[in-house]
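>>> Just to be clear, the model below is a prediction. Sequence and coordinates:
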Amino acid sequence: MDSQHELTLDTRRVILATDKQELFEKCESTIKNTGWILATATTAEAALSLISAPNSPGILLLDADLPGMSTLQLLAATRGEGARNYPIVLVAELLSDEMNERLIHGDIDDFIPASADSYYWQLRIESAMRGKKLLCEVEHLREAALLHSQFDSLTGAYNRETLLTMLFRETDRVQRSKETLCMILFDIDDFGHWNALYGSTVCNDLLCQIVMRTRRLLRSYDLIGRAGKDEFVVALPGCSGVNAVMLAERLHQEVFSLPYATASQNIHLTACFGLSMSRGRSPVVVLREAEQALQQAKMKGPETIQFFNVEGMSMSALELPDSHSDELL
């Protein structure tokens, strides 16, 4: 099969909705030796049953005189079946003004004169299928571009903008459920030294390994984003301050205490951690507090965990009050 016509069996399924024997014979002759699969429906109800099946058709050839309901009713019913991912080609002797409007607005995708020869039918069917295939490819590219724009291209963590957007939604949710939300911001100590020593390729791999190790310690609904070159944010919905500190300790022990393998030698990395609790406030405020806590941790030295205190007082991990008894991370 030509690579330009690589379609799955489902997308090559042709549904002909007509009760006219001459149209059936013409369509059968048209798709002979093409590899397409023909299914027929002689009523509107039968056509709807076929197109609502789990395997959607590659194309629907719709006779304008199909019994059971009007063409407009049938088109409305196909929209009611959900998002349409197959072209509809109207078969009629003439295209009425109303159907021409439907063609312009995309309710139908093409028109085939019923009296046209088999070769013309094949051209129109191929054109409709090819057009829909191109639209699907464009949609997939658009979705891929949207997905790519949400993530850091190197590590696969959420980028800062996407993480903040998700945090606004999550903050609203935990407010309604009267839960807590904690944030951990961690920064790799003296990462510029390693970058100067080993270069960006090795250090990029180290960043990816850090994210991979961190993800192993998170729950399915926790969030991780890249806030800067060597700075990452972990958002923990429904997590109390004490459990957030416990997770920071685990990150310290299981992400940074173990060596990282490079092509030349093993590297031991360290990090500082700044923690803050939402208390229903804007994620921008909470992130700013985590940044302040992180700066305090850096001033105290490598491998320091610092929780932000709203009264501005220094607070160590062991002194944090456990306001919620959620599960340990």
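That came in fine, so what should we check first? Numbering: from 1, shown residues only.

>>> need the contact list for residue 69.
With contact set as C-beta atoms under 8 Å, 6 or more residues apart in numbering, residue 69 has these partners: 44, 45, 77. Every residue, glycine included, has its C-beta placed from N, CA and C.

>>> what about it, is that helix, strand or coil?
Following DSSP: H, G, I helix; E, B strand; the rest coil, residue 69 is assigned to coil.

>>> before we move on, back to that, now list the buried members of the contacts of residue 69.
Neighbour-count burial (16 or more other C-beta atoms under 10 Å) is assigned, among these, to 44, 77.

>>> out of the contacts of residue 69, which are inside helices?
Among those, the residues falling in helices (DSSP state H) are 44, 45, 77.

>>> bridging residues for residue 151?
Under DSSP bridges, the beta-bridge partners of residue 151 are residue 158.

>>> if we can go back for a sec, out of the contacts of residue 69, which one sits closest to residue 196?
Among the contacts of residue 69, residue 77 lies closest to residue 196 (C-beta to C-beta), at 66.4 Å.

>>> Now do the contacts for the closest one.
Shown in contact with residue 77 (C-beta under 8 Å, 6+ apart): 44, 48, 69.

>>> go with 10 Å
Going by C-beta atoms under 10 Å, 6 or more residues apart in numbering, residue 77 touches 44, 45, 47, 48, 51, 52, 69.

>>> Let's see the pLDDT reported for it.
As predicted, residue 77 sits at a pLDDT of 85.

>>> measure it to residue 88 for me?
From residue 77 across to residue 88, the span is 12 Å (C-beta to C-beta, to the nearest Å).

>>> cool, residue 220 as well?
Separation of residue 220 from residue 88 (C-beta to C-beta): 40 Å.

>>> pLDDT weak spots in the stretch 201-329 of the chain?
The stretch 201-329 of the chain contains residues with pLDDT under 70 at 310-329.

>>> the strands in it, which residues?
Listed in chain order, the strands of the stretch 201-329 of the chain (DSSP state E, counting those that start in this stretch) span 223-228, 231-237, 260-261, 266-267, 271-277, 305-307.

>>> Tell me which of these sits nearest to residue 179.
strand 231-237 (6.9 Å).

>>> other SSEs contacting that closest one?
For strand 231-237, the packing partners by 3 or more C-beta pairs under 10 Å, 6 or more residues apart in numbering; DSSP states H and E come out as strand 158-159, helix 160-176, strand 181-188, helix 200-216, strand 223-228, helix 241-250, strand 271-277, helix 283-300.

>>> buried ones in that strand?
For strand 231-237, by 16+ other C-beta under 10 Å, it's 231, 232, 233, 234, 235, 236, 237.

>>> Make CSV from those and add distance to residue 106 to it.
Compiled in CSV, the buried residues of strand 231-237 are given as follows (distance: C-beta to C-beta, whole Å):
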residue, distance to residue 106
231, 47
232, 45
233, 43
234, 45
235, 41
236, 45
237, 41
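
>>> Of those residues, which is the nearest to residue 98?
Once C-beta to C-beta is applied, the member of these that ends up nearest residue 98 is residue 237, at 52.6 Å.

>>> want to try a markdown table for the helices and strands packed on strand 231-237, with mean neighbour count and distance to residue 62 as columns?
A markdown table is the format used below for the helices and strands packed on strand 231-237 (neighbours: other C-beta atoms under 10 Å; distance: least, C-beta to C-beta, whole Å):
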| stretch | mean neighbour count | distance to residue 62 |
| --- | --- | --- |
| strand 158-159 | 20 | 45 |
| helix 160-176 | 16 | 42 |
| strand 181-188 | 25 | 52 |
| helix 200-216 | 16 | 49 |
| strand 223-228 | 20 | 47 |
| helix 241-250 | 21 | 58 |
| strand 271-277 | 26 | 60 |
| helix 283-300 | 19 | 51 |
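
>>> among those, which is nearest residue 123?
helix 160-176 (45.1 Å).

>>> gap between the closest one and the chain center?
With C-alpha atoms, centre = their mean, to the nearest Å as the basis, helix 160-176 stands 17 Å off its chain's centre.
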